[in-house]
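Trainee: predicted model and sequence below, questions to follow.
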Amino acid sequence: MIGFCGDKEMGLQYMYDSVALEGSLRAPLTALFLLCYNTIITYLFGLADGDLVSSEYIVKNMLKRYPRGALYLFLNGRLLEVKGELDQAINQFLDSLTIQDTWRQMRNLGSWEIMWCYSFKFEWKNAQKYVDFLRKEGRWSPCIYTYTYGLVLYMQYLEGGQKDKDTLLEIHDLMKKVPGLKQKLAGKSFPLEKFVVAKAKKFVAQNDRLLFPFFEMMYVFSLFPMFKTHQEVMKRILAAVENDMPKLVEGREPTTEEAEDYCLAVILRAMCYKTLGDAEKSQKYLQEILKYENHLSDDVYLVTYAMAEMGYMAMERGDYEGALQWLDKSCHAHTDYHLESFLHYRIHAAIRHIQTLSSLLEQAHITDEKNKEKELYTCSMSPSSQNSINIYDSPVPPSVTT
């Protein structure tokens, strides 16, 4: 639970043990929690390191028992989505929607994921249909749904051969509505809503223009790691970013707008290379962002997120001390920026991961030392070592019999 400390690994192990008790009342509920944790929570609030192998085993078993279980079909779709198997994921989401039509929240969840799957495939017309449904019917966040609908239209506008002025005018009107749709819960705004409101205002202020807004949303939702094994999507995004990469004028200080566009493009480029397995290039581009820290205003989150990414990469290569330094720097570099709480959740997950790995390495080292001591002790106490005498080490010359 948030706000309480505990042993996560032990808790997860108890969950897996519970799922293994087939036929028990708690097994189906525990399975739902583990599937949500491994395919959703670890992506939004963690390091996108869910146990997909165990999740696949669990969901297959549950679908054998409940072949028409809408929740299990949905979570199987989500599992396929995070594995990059988009067509199969869409089919599973559609099955989960077809089986039941009374649970509105379930229909909204399925439509949201289908929209993302079509967007990853750059099929904006299909994505538009589902996000338009959410904009009209969804109650979770009209603010985010309206902004996302505007982005899908904007991507169609940018990719269209002819620029349709009516479409751009519709997008403009949608973006102007976004701030008025922001909700508050107990006097607090949802961080993602504050983020999309700022982006909608920026779109209007920049004469109906944003750079790579949909790819930015993908990064914010931590969706890049989905395509480590299915890299076609990532290569297509990288090509789009590099094709429209903004250039800064040498010998002149960039404006805030220029610097923010440039840094956004660079961090997207870095994440593409990281997902494609080129850590060296990714690190080089992340370092580039830090040069423009003082030029950023609304998008200063790009700097802190870049620092955190440096920490995650150091952690992945086993440099735990360097990782902790980068993560600490990311935590304290700035305050009150967009999506700060999201970043802190992920940093906390990374620090806990490092602590767990460090503890395991320390235990392994102690065990290794004990084994060596035991081996030396066994050798010194063996009969052969006690009875054998080296005449060159003996203080008394050996007796000579004549």
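Mentor: Sure thing, it's come through.

Trainee: how is this structure partitioned into domains?
Mentor: Residue ranges for the domains of the chain, per the TED database: 14-100, 124-214, 222-364.

Trainee: including distance to Trp116, could these go into CSV?
Mentor: For glycine as for every other residue, the C-beta is placed from the backbone atoms N, C-alpha and C. Formatted as CSV, the domains of the chain follow (distance: least, Cβ to Cβ, whole Å):
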stretch, distance to Trp116
domain 14-100, 7
domain 124-214, 8
domain 222-364, 7
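
Trainee: adding distance to Ser111, mean neighbour count and mean pLDDT, write these out as JSON lines.
Mentor: As requested, these are arranged in JSON lines below (distance: least, Cβ to Cβ, whole Å; neighbours: other Cβ atoms under 10 Å; pLDDT from 0 to 100):
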{"stretch": "domain 14-100", "distance to Ser111": "7", "mean neighbour count": "18", "mean pLDDT": "92"}
{"stretch": "domain 124-214", "distance to Ser111": "4", "mean neighbour count": "17", "mean pLDDT": "92"}
{"stretch": "domain 222-364", "distance to Ser111": "17", "mean neighbour count": "17", "mean pLDDT": "91"}
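
Trainee: right, and the ones you listed - which one's nearest Arg107?
Mentor: Closest approach to Arg107 among these (Cβ to Cβ): domain 14-100, 5.8 Å.

Trainee: endpoint to endpoint, stretch 79-91 covers what distance?
Mentor: Using Cα to Cα, to the nearest Å, one end of stretch 79-91 lies 12 Å from the other.

Trainee: cool, and stretch 236-252?
Mentor: Stretch 236-252 stretches 32 Å from its first residue to its last (Cα to Cα).

Trainee: repeat for stretch 78-93
Mentor: Length of stretch 78-93, first residue to last, Cα to Cα: 8 Å.

Trainee: ok, and the closest non-adjacent residue to Gln128?
Mentor: Nearest residue to Gln128, sequence neighbours excluded (Cβ to Cβ, 6 or more residues apart in numbering): Val152, at 4.9 Å.

Trainee: revised request: answer the last question for Ala279.
Mentor: In space, Ala279 is closest to Met313, 5.9 Å off (Cβ to Cβ, 6+ apart).

Trainee: what helix or strand is that neighbour located in?
Mentor: For Met313, the enclosing helix or strand under DSSP states H and E is helix 301-316.

Trainee: quick check: the gap between the residue nearest to Gln128 and Ala20.
Mentor: Per Cβ to Cβ, to the nearest Å, Val152 is found 42 Å from Ala20.

Trainee: returning to that earlier point: and the helix or strand following the helix holding Met313 with helix 301-316, angle?
Mentor: Remark: after helix 301-316, the chain's next helix or strand is helix 320-333, criterion DSSP H and E. Between the axes of helix 320-333 and helix 301-316, defined by axes from the mean of the first three to the mean of the last three Cα atoms, to 10 degrees, the angle is 160 degrees.

Trainee: mind listing residues that contact helix 320-333?
Mentor: With contacts defined as Cβ atoms under 8 Å, 6 or more residues apart in numbering, helix 320-333 is touched by 293, 303-305, 307-308, 310-312, 314-315, 343-344, 347, 350-351, 354, 357-358.

Trainee: so who does the nearest residue to Asn91 once chain neighbours are set aside touch?
Mentor: Leaving aside its chain neighbours, Asn91 sits nearest to Gly77 (7.8 Å; criterion: Cβ to Cβ, 6+ apart). Residues in contact with Gly77 (Cβ under 8 Å, 6+ apart) are Ala89, Ile90, Asn91, Gln92, Phe93, Asp95, Ser96, Gly110, Glu113.

Trainee: quick check, Lys163 in contact with Leu169.
Mentor: No: contact criterion Cβ atoms under 8 Å: Lys163 and Leu169 do not qualify, at 11.4 Å.

Trainee: can you give me the strands for the stretch 101-250 of the chain?
Mentor: Secondary structure of the stretch 101-250 of the chain (DSSP state E, counting those that start in this stretch): strands at 184-185, 188-189.

Trainee: can you list those strands in JSON lines and add distance to Pro142?
Mentor: JSON lines is the format used below for the strands of the stretch 101-250 of the chain (distance: least, Cβ to Cβ, whole Å):
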{"stretch": "strand 184-185", "distance to Pro142": "13"}
{"stretch": "strand 188-189", "distance to Pro142": "14"}
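
Trainee: wait, Ala48 sits on Phe221?
Mentor: No: counting by Cβ under 8 Å, Ala48 stays clear of Phe221, with 10.3 Å between them.
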